[in-house]
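**Student:** Give the three-dimensional model of this entry:
(2 chains)
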Protein chains: 2
Amino acid sequence: MILRRLPLLLALALSTPLSVHAIDFSAAELQRATSLQQRLLTLDSHLDTPANFARDGFDIGNRHDHNALSQVDYPRMVEGALDGGFWAIYTGQGDRSATAHLRERDAGLQRLLDIRTMLAANSDRFALALTPADALRIKADGKRVVFISMENASPLVADPSLLGFYHQAGLRMLSTVHFATNEFADSATNPKGPEWNGLSPAGRALVNEAVKRGIVIDQSHASDAVFDQLIAMMPVPFVLSHSSAKAIHDHPRNLDDARLRQLAKAGGVIQVNAYGGYLVDPGKSPARKAAEDALSKRLGGWDRMSIAQGEELQRAEDALDRQYPVRHASLDDFFAHMGHILDVVGPEHVGIGLDWDGGGGLTDLRDVSQLPKITAWLLRRGYDEKQIAGIWGGNLLRVMQQAQDHARP
Amino acid sequence: MILRRLPLLLALALSTPLSVHAIDFSAAELQRATSLQQRLLTLDSHLDTPANFARDGFDIGNRHDHNALSQVDYPRMVEGALDGGFWAIYTGQGDRSATAHLRERDAGLQRLLDIRTMLAANSDRFALALTPADALRIKADGKRVVFISMENASPLVADPSLLGFYHQAGLRMLSTVHFATNEFADSATNPKGPEWNGLSPAGRALVNEAVKRGIVIDQSHASDAVFDQLIAMMPVPFVLSHSSAKAIHDHPRNLDDARLRQLAKAGGVIQVNAYGGYLVDPGKSPARKAAEDALSKRLGGWDRMSIAQGEELQRAEDALDRQYPVRHASLDDFFAHMGHILDVVGPEHVGIGLDWDGGGGLTDLRDVSQLPKITAWLLRRGYDEKQIAGIWGGNLLRVMQQAQDHARP
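**Tutor:** This is a model prediction of the structure:
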């Protein structure tokens, strides 16, 4: 997810670690984890990085450290042994006017163009994947894997038939909704409660059309009622591309144990999220909120910030954290969610979707360069290489293969 | 223009010169012409080359000589001193069903994607131009100029509001129609005669919307009634991106002298075409037509041919020409048109749009590498450098600047 307004971003931003029980791994453990990731196909199911592609000064080939706007680039992917994943066409939810629908349609097409031109400009290091087999071949070619996903189907409200063009251009995963309810589905976090009691008729039609084309359905951000309807209507498994466990932190964006079991029973996968505000309660004070509003006003909109302004934003966030501390999530918090989910559904139904460049990240896992910490933890927990391969992408690609096989005539 | 069916393409294809009066230039003349073009900004207003971008085996950085599908690539642009021009999003006219409209919408977006990814993949040699100033800067940077145009507005029938996205993505010139009448305008070559008596109400709305955005209107392929309506309604000059003189060859795609004068009076520009079938009557026999049909059937559709098949097509065309000769247009024919138009409207209202990779080219001007022959002829005719600069792009960019100035609030 990407937060539409800066204050929200700041509310959940990463900063100086406050946790005193930070988990630690030895150099040998991290080395072993890195080597393992290099052998496996390691995918993250929710990268909001395409929002950076059009930013002034952003180059995916360069390292953008210490920047509140950037957690993923080629050098850090190599360092963290991340092969790629699903790169999102994210569109902020507008006011549902006809004007907003056209603006969102254009924004979606523009983001698709941004992804495809990034690929064309970096064809020596990245390649578009359309199938699980593509991903394996791309890794074997020594390149990074770009599946295209869409977060929030609002670009399809004006004309749902554009889904055909998106599919033709590479779209392989689709979520119906984001922070707020739209014409397709109720959001888990809609301020005004349910409007459709799940999917709208247009939402059901959209899901069916996506299934017909072999596009994986992503339930993250949609309400539990949508989840229940998907369980009932889907002829193939679906995923949650970036969600965590309600049993660990009671937030509408997280899934309860009963639904986790239903998901697994249906063959689906939940990709554990590292978005702080869903892992723990940040406990933000009114004073902090006011300071964030002022900062937001000063720096201008998140959408339009240059990558250089991201460094300024990082410094401002650090200062806010010193002045108005909040509780930031750590790896310990993340492992609490991931461990619980693994215990409930088993390693065949778990994956990783950390919400990089969309608000994700932890005090001790600040960008993709540090991903081997997760693998080191999985090794400590005793999973074998095959199970870890499933968690790092195999489970997700199993669902994708089922979706694509079902769509094949 | 691109011909939708192979038989039509073959009917007008280039092959062995039959003219016995071919114009000749000395090496010194061609050298002087090349140097002049290298100094000036030299643009062609109608390049159908983007149709090749998605072809298997096509690389704009490589030379594709002796290939019926290719007349424009980077090496030949350098050799012929062509800086660039308007690269067309061409879409073949379908049967006007709702299904066809969606297919055309997707085809247009796909072609736009093809152009933008070509640019991203070749950013060391090509750059997108949005304004006349961009074109000059790109040339100064040592790169080739890519303006984006649309030939046939059929991708906008399903949803004309997509024009806003196209403009945002770089579209700067728009023609309403192609070989056959569509929902926007009567075609000059519609088999069933006029349907709208010019522009339809949707066509008028589309033209007005384009004018509001500063997009140059291109009258080529539309009927004379559309021309007359544009003269009456346009608040800014417009162009014909690839058309010739009816006084020299009476064809509906060519403009009569009275309208040429009206165009010039309105400040517009006609970019002279080198599409053989509009310059002369090819005089094709029924036997040739049958042979073309058979070849078409054997090679499959033009749209889907690989660039390697283009070489096979070239050899087959050459063989057809030996067996069933037709009259192919030569530079002499082209200069007859261009000379007449220059005499009628003067060099301030003439430009060059040779329909490369869309059926254009002459027996003795087979690809862009030979363009200095045109400049040598202009020098022989006594035009000065300023006038030749106008013909090679200055006049067209003057119209574009007026369109963009008018649109600026």
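**Student:** gap between the closest residue to chain B within the stretch 251-400 of chain A and A:Leu163?
**Tutor:** Sorted by distance to chain B under C-beta to the nearest C-beta, the residues of the stretch 251-400 of chain A start with A:Asp303, at 14.4 Å. Glycine gets a C-beta too; all of them are placed from N, C-alpha and C. From A:Asp303 across to A:Leu163, the span is 24 Å (C-beta to C-beta, to the nearest Å).
**Student:** do A:Ala336 as well
**Tutor:** Distance from A:Ala336 to A:Leu163, by C-beta to C-beta: 37 Å.
**Student:** same deal with A:Ile115?
**Tutor:** Distance from A:Ile115 to A:Leu163, by C-beta to C-beta: 16 Å.
**Student:** out of the two, which sits in the busier spot?
**Tutor:** When neighbours are counted by other C-beta atoms under 10 Å in any protein chain shown, A:Ile115 and A:Leu163 differ, and A:Ile115 comes out ahead with 24 against 21.
**Student:** residues in contact with that one?
**Tutor:** A:Pro50, A:Phe53, A:Trp87, A:Ile89, A:Val146, A:Ile148, A:Gly170 (C-beta atoms under 8 Å, 6 or more residues apart in numbering or on different chains).
**Student:** Kindly recompute the last result at 10 Å.
**Tutor:** By C-beta atoms under 10 Å, 6 or more residues apart in numbering or on different chains, the residues touching A:Ile115 are A:49-50, A:53, A:87-89, A:126, A:128, A:146, A:148-149, A:169-171.
**Student:** And A:Gly94, by the same measure?
**Tutor:** A:Arg4, A:Ala100, A:His101, A:Leu102, A:Arg103, A:Glu104, A:Ala107, A:Ser154, A:Val157, A:Ala180, A:Asn182.
**Student:** Locate A:Gln351 within the secondary structure: which element?
**Tutor:** I think there's a mix-up here, since residue A:351 is Gly and not Gln. Taking DSSP states H and E as the definition, A:Gly351 sits inside strand A:350-352.
**Student:** hmm, I was thinking of A:Gln31
**Tutor:** helix A:27-39.
**Student:** by contact count, what packs against the helix or strand that A:Gly164 is a member of?
**Tutor:** Assigned by DSSP H and E, A:Gly164 belongs to helix A:162-168. In terms of contacts (3 or more C-beta pairs under 10 Å, 6 or more residues apart in numbering or on different chains; DSSP states H and E), helix A:162-168 is packed against helix A:98-121, strand A:144-151, strand A:171-175, helix A:201-213, helix B:98-121.
**Student:** Am I right that A:Ala127 sits in a strand?
**Tutor:** Yes: under DSSP: H, G, I helix; E, B strand; the rest coil, A:Ala127 sits within a strand.
**Student:** Helices along the stretch 251-400 of chain A, start to end?
**Tutor:** Remark: helices assigned in the stretch 251-400 of chain A by DSSP state H, counting those that start in this stretch are A:257-265, A:276-279, A:286-299, A:307-323, A:331-345, A:372-380, A:385-389, A:395-407.
**Student:** can you pull the contacts of the closest residue in space to A:Gln71 that isn't next to it in sequence?
**Tutor:** Computed as C-beta to C-beta, 6 or more residues apart in numbering or on different chains, the closest residue to A:Gln71 that is not its neighbour in sequence is A:Asp367, at 4.0 Å. Going by C-beta under 10 Å, 6+ apart, A:Asp367 touches A:14, A:63-67, A:70-73, A:76-77, A:79-80, A:354, A:356-357, A:360-361.
**Student:** ok, now with 8 Å
**Tutor:** A:Asp65, A:Ser70, A:Gln71, A:Val72, A:Arg76, A:Gly80, A:Trp356, A:Gly361.
**Student:** Which of those residues has the largest number of neighbours?
**Tutor:** A:Gln71 (29 neighbours).
**Student:** So that residue: helix, strand or coil?
**Tutor:** coil.
**Student:** didn't it look like it was pressed against A:Val368?
**Tutor:** Yes: if you go by C-beta atoms under 8 Å, A:Gln71 and A:Val368 touch, sitting 6.2 Å apart.
**Student:** Beta-bridge partners for A:Ser175, please?
**Tutor:** A:Asp218 (DSSP bridges).
**Student:** So it sits against A:Gln219, correct?
**Tutor:** Yes: A:Ser175 lies in contact with A:Gln219 (C-beta under 8 Å); the separation is 7.3 Å.
**Student:** on that earlier part again, which neighbouring residues are in contact with the residue of the stretch 251-400 of chain A closest to chain B, exactly?
**Tutor:** A:Ala51, A:Gly92.
**Student:** Got the confidence number for the nearest residue to A:Glu209 once chain neighbours are set aside?
**Tutor:** Beyond its immediate neighbours in the sequence, the residue positioned closest to A:Glu209 (C-beta to C-beta, 6+ apart) is A:Leu163, lying 5.7 Å away. Note on A:Leu163: pLDDT of 98.
**Student:** Distance of A:Leu163 relative to chain B?
**Tutor:** Computed as C-beta to the nearest C-beta, to the nearest Å, the A:Leu163 to chain B distance reads 11 Å.
**Student:** again with A:Ala81
**Tutor:** A:Ala81 is 27 Å from chain B, by C-beta to the nearest C-beta.
**Student:** Work out for me the element that residue sits within.
**Tutor:** Here A:Ala81 is assigned to no helix or strand, by DSSP H and E.
**Student:** Neighbours of it, how many?
**Tutor:** For A:Ala81, using other C-beta under 10 Å, the count is 21.
**Student:** Also A:Asp343?
**Tutor:** A:Asp343 - counted by other C-beta under 10 Å - has 12 other residues nearby.
**Student:** what does A:Asp95 give?
**Tutor:** By the criterion of other C-beta under 10 Å, A:Asp95 has 9 neighbours.
**Student:** which bits of chain A sit near chain B?
**Tutor:** Counting by C-beta under 8 Å from any C-beta of the partner chain, chain A comes close to chain B at A:102, A:105-106, A:109-110, A:112-113, A:116-121, A:123, A:158-159, A:161, A:164-165, A:168-169.
**Student:** picking that back up, what would the helices and strands packed on helix A:162-168 look like in JSON lines with distance to B:Leu43 and mean pLDDT?
**Tutor:** Output for those, formatted as JSON lines (distance: least, C-beta to C-beta, whole Å; pLDDT from 0 to 100):
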{"stretch": "helix A:98-121", "distance to B:Leu43": "23", "mean pLDDT": "98"}
{"stretch": "strand A:144-151", "distance to B:Leu43": "35", "mean pLDDT": "98"}
{"stretch": "strand A:171-175", "distance to B:Leu43": "36", "mean pLDDT": "98"}
{"stretch": "helix A:201-213", "distance to B:Leu43": "41", "mean pLDDT": "98"}
{"stretch": "helix B:98-121", "distance to B:Leu43": "16", "mean pLDDT": "98"}
